[in-house]
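In: kindly return the folded structure for what I paste below:
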Amino acid sequence: MATQQRTVEFLLEQMAGAGSLAARKMFGEYAVYVDAKVVALICDDQLYVKSTPAGRALLGPGWPEAPPYEGAKPSLLIPGERWDDRAWLAALVRATADALPAPKPKAGGPRTRAAPTGARATPVQEPSPGTSSAPRRAR
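Out: Presented below is the predicted three-dimensional model:
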């Protein structure tokens, strides 16, 4: 069962005090970002927050963990009855984001084409503004 959009909207609203929030749909489910860091997943209308020492300290011992999908690392499973406490949920998500490393920067250099073995890669020529990158047709 895929997550409903209204669940995502509600949770983002509840987490609003945690920082710069965004959700991205991935394979029918959603990743929640705070300050460009993935802090939680919403899968099958359930909230899974990444397990960090800071998050576990805030929750206390014995908090349930479960994988959000088959093969995933266990995450903190936040029951629906806790979603209504905005301050608590925002604090948990903020503590988790603070405990996670900054996202790795994307390669910023010029793109290169794959070169045959033994040959050097060549930069891809980007089209000039206002020109089409489509090949021209012979007349």
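In: okay, CA-based contacts and neighbour counts for the rest of this
Out: Noted.
In: what does whichever helix or strand residue 98 is part of contact?
Out: Element membership of residue 98, judged by DSSP states H and E, is helix 86-99. When contacts are defined by Cα atoms under 8 Å, 6 or more residues apart in numbering, helix 86-99 is touched by residues 14-19, 34-35, 37-40, 49-55, 58, 82-83.
In: can you check stretch 15-31 too?
Out: Residues outside stretch 15-31 that contact it (Cα under 8 Å, 6+ apart): 2-3, 8, 12, 32-36, 38-44, 86-87, 89-91, 93-94.
In: mind listing what residue 45 touches?
Out: Residue 45 touches 2, 3, 4, 7, counting by Cα under 8 Å, 6+ apart.
In: try residue 40
Out: Taking Cα under 8 Å, 6+ apart, we find residue 40 in contact with 31, 32, 33, 47, 48, 49, 50, 93.
In: with residue 33 instead?
Out: Contacts for residue 33 were tallied using Cα under 8 Å, 6+ apart; they are 20, 21, 22, 23, 24, 39, 40.
In: check residue 51 too.
Out: Going by Cα under 8 Å, 6+ apart, residue 51 touches 74, 75, 76, 96.
In: correct me, but the third one touches residue 46?
Out: The reference is to residue 76. No. Taking Cα atoms under 8 Å as the definition, residue 76 is not a contact partner of residue 46, at 10.6 Å.
In: so between those two, which is more surrounded?
Out: Per other Cα atoms under 10 Å, whichever of residue 76 and residue 46 has more neighbours is residue 76, with 21 against 16.
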